[in-house]
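In: Return atomic coordinates for the entry below.
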Amino acid sequence: MAPSAAALSSFDMAMSIPAKDLFACVDHAREELHSFYPQALLPDAQWILNSRSEELGLEPKGQVSANASCRLMACEDGWLAVNLARQSDLELMSPWLATELEHPNWQSIQTVLAKRGGQELLFRGREMGLPLAFVAKPGSQSKTVCNKPQMIQLDDRAGQPRNLSGAQVVDLSALWAGPLCAHLLHACGAQVTSVSSLHRPDGAAQGSPRHYQQLHRGHEHWVVDFHDAEQRGRLAAALAQADVVIEASRPRALQGLGLDRQSLQVTKPQLWLSITAYGRADPQGQWVGFGDDVAASAGLLDWQDGRPSFVGDAIADPLTGTFAALAVAEGLARGYSGLLDMPMVAIADQCRNKIEASGRPIQCPLSSVPHAH
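Out: Numbering: from 1, shown residues only. Now for the predicted structure:
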């Protein structure tokens with residue numbers, strides 16, 4: 001009989017153990033994953049957190065993120081993390097601020113924000129699909145409400161424990177968190193097929209090619225034209241037969257293609273991992289988020305003299321990818337079949353709690369010392 005969703009609400013994946021820093025957070029997940037698969041050659045915490053930054057020579061500079069696409073910008077009631085990760089985000093600045101910016105840039109945006117309330121702008125921007133986060137001033141009661149990672153849509157195929165040895169994993173995700181999860185599952189014995197879009201290729205392949213190749217090493221790679229019904233049909237069949245599916249899009253994206261779990265004819269026990277910025281429930285399920293702004297939303301920041309600073313490189317991504325792999329391993333071992341909701345903000349929030357529980361300040365994990373993988 002399938003376990004109830006209520007019984008899984010405390011599915012915290014070692015999050016209750018205090019950790020002195022972000023490396024220790026990752027190590028806890030790695031050790032738990034290794035206990036399931038002792039033969040797995042897992043990358044170390046240094047590589048997981050810092051591999052992309054070492055390739056590209058990145059580090060955050062106070063209120064500017066490591067990749068410089070996100071900034072913590074002062075507003076009347078705190079700060080807004082504004083992530084201009086896409087050209088379309090920059091084009092939305094004037095409508096979002098309801099002010100005509102002839103040449104939108106960081107300086108002109110900051111000038112407007114300084115006189116506006118951040119929480120009101122947060123709501124408006126998220127409705128428009130902008131990746132934003134609000135950071136309250138020290139002492140404020142404002143806090144992001146985080147849904148825990150949990151199994152939802154449990155089905156009656158749950159039952160016998162399963163493992164990753166020879167398991168078929170289809171990875172629909174891009175960028176970092178999902179591919180890192182797939183990379184770790186492959187190290188544990190899974191056969192991974194990475195799927196990319198013909199018309200919207202993974203930006204990481206060009207942006208950080210060495211890191212991309214490392215994450216996808218040993219995977220089969222499909223390039224799919226999602227406008228082609230025949231190719232969508234072949235992908236749907238592969239998804240229905242997979243033991244594990246990884247995806248990291250807003251729920252409506254796959255629903256519109258008929259490639260969401262509810263639309264497929266799944267006839268076997270299957271764990272479907274859904275990585276989102278803020279969880280699948282509305283309205284959070286429609287909010288856009290990337291590693292830096294999501295971490296800011298969770299308060300995973302370094303505070304100096306009453307001002308917040310970024311830590312790490314898109315830090316919510318590697319943290320989520322690591323704990324997602326552990327969640328899949330635990331879910332299979334418990335015999336679960338269904339959809340696993342994995343909000344990035346929840347992982348960032350719980351890692352922050354782990355460090356704060358140890359009495360240590362949150363510090364940037366980036367180091368100039370390269371580590372082999």
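In: mind listing the helices in the stretch 251-373 of the chain by residue range?
Out: Using DSSP state H, counting those that start in this stretch, the helices found in the stretch 251-373 of the chain span residues 251-257, 291-297, 316-333, 344-357.
In: For Gln213, find the nearest of the ones you listed.
Out: The closest of the helices of the stretch 251-373 of the chain to Gln213 is helix 316-333. By Cβ to Cβ, the value is 16.2 Å. For every residue, glycine as well, the C-beta is placed using N, CA and C.
In: how far is that closest one from where the chain is centred?
Out: The offset between the C-alpha centroid of helix 316-333 and the centroid of the whole chain comes to 11 Å, using Cα atoms, centre = their mean, to the nearest Å.
In: Pass me the low-pLDDT residue ranges in the stretch 251-373 of the chain, would you?
Out: Flagging of the stretch 251-373 of the chain using pLDDT under 70 yields the residue ranges 367-373.
In: CSV for the helices of the stretch 251-373 of the chain, including mean neighbour count?
Out: Shown next, in CSV, are the helices of the stretch 251-373 of the chain (neighbours: other Cβ atoms under 10 Å):
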stretch, mean neighbour count
helix 251-257, 15
helix 291-297, 31
helix 316-333, 27
helix 344-357, 24
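In: which one of the ones you listed lies closest to Glu32?
Out: Comparing the helices of the stretch 251-373 of the chain by Cβ to Cβ, helix 316-333 comes nearest, at 5.3 Å.
In: Counting by contacts, list what that closest one packs against.
Out: Applying 3 or more Cβ pairs under 8 Å, 6 or more residues apart in numbering; DSSP states H and E, one finds that helix 316-333 makes contact with helix 22-36, helix 45-56, helix 177-187, strand 244-247, strand 271-276, helix 291-297, strand 338-343, helix 344-357.
In: can you do 6 Å?
Out: Judged by 3 or more Cβ pairs under 6 Å, 6 or more residues apart in numbering; DSSP states H and E, helix 316-333 is in contact with helix 22-36, helix 45-56, helix 177-187, strand 271-276, helix 291-297, strand 338-343, helix 344-357.
In: deepest of these, which one?
Out: helix 291-297 (a mean of 31; mean count of other Cβ atoms under 10 Å).
In: which SS class is the nearest residue to Gly306 once chain neighbours are set aside?
Out: The shortest distance from Gly306 to any non-neighbouring residue, by Cβ to Cβ, 6 or more residues apart in numbering, is to Pro138 (5.7 Å). Using DSSP: H, G, I helix; E, B strand; the rest coil, the structure places Pro138 in coil.
In: same question, Ser94
Out: Classified using three-state DSSP, Ser94 is helix.
In: now it: how far from Trp287?
Out: Separation of Ser94 from Trp287 (Cβ to Cβ, to the nearest Å) stands at 21 Å.
In: Who has more neighbours out of the two?
Out: Neighbours per residue, other Cβ atoms under 10 Å: of Ser94 and Trp287, the larger number sits with Trp287, 24 against 16.
In: what's the closest of the helices and strands packed on helix 316-333 to Leu90?
Out: Evaluated over those, closeness to Leu90 peaks at helix 291-297, with 14.9 Å, by Cβ to Cβ.
In: could I have the closest one exported to PDB, CA atoms only?
Out: C-alpha atoms of helix 291-297 as PDB (Å, rounded to 0.1, in the frame of the first residue of the first chain):
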ATOM      1  CA  GLY A 291      20.400  29.700  -8.100                       C
ATOM      2  CA  ASP A 292      21.400  33.100  -6.800                       C
ATOM      3  CA  ASP A 293      18.000  34.800  -6.400                       C
ATOM      4  CA  VAL A 294      16.500  31.600  -4.900                       C
ATOM      5  CA  ALA A 295      19.300  31.500  -2.300                       C
ATOM      6  CA  ALA A 296      18.700  35.100  -1.500                       C
ATOM      7  CA  SER A 297      15.000  34.400  -1.000                       C
END
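In: thinking again about what came up before, okay if I get the helices of the stretch 251-373 of the chain as JSON lines plus distance to Ala174?
Out: Listed next are the helices of the stretch 251-373 of the chain as JSON lines, based on distance: least, Cβ to Cβ, whole Å:
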{"stretch": "helix 251-257", "distance to Ala174": "12"}
{"stretch": "helix 291-297", "distance to Ala174": "13"}
{"stretch": "helix 316-333", "distance to Ala174": "11"}
{"stretch": "helix 344-357", "distance to Ala174": "14"}
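In: Which stretch among the helices and strands packed on helix 316-333 approaches Gln153 most closely?
Out: Of these, nearest to Gln153 by Cβ to Cβ is strand 338-343, at 4.3 Å.
In: low-confidence ranges in the stretch 101-250 of the chain?
Out: Low-confidence segments of the stretch 101-250 of the chain, defined by pLDDT under 70: 141-146.
In: how many neighbours does the residue nearest to Gly306 have?
Out: Look at Pro138: counted by other Cβ under 10 Å, it has 10 neighbours.
In: Next one: it from Asn147, what distance?
Out: The spacing between Pro138 and Asn147, counted by Cβ to Cβ, is 25 Å.
In: can you check Leu271 too?
Out: Remark: distance between Leu271 and Asn147 (Cβ to Cβ) = 18 Å.
In: How about Arg232?
Out: 30 Å.
In: Lys268 now?
Out: Lys268 is 28 Å from Asn147, where distance means Cβ to Cβ.
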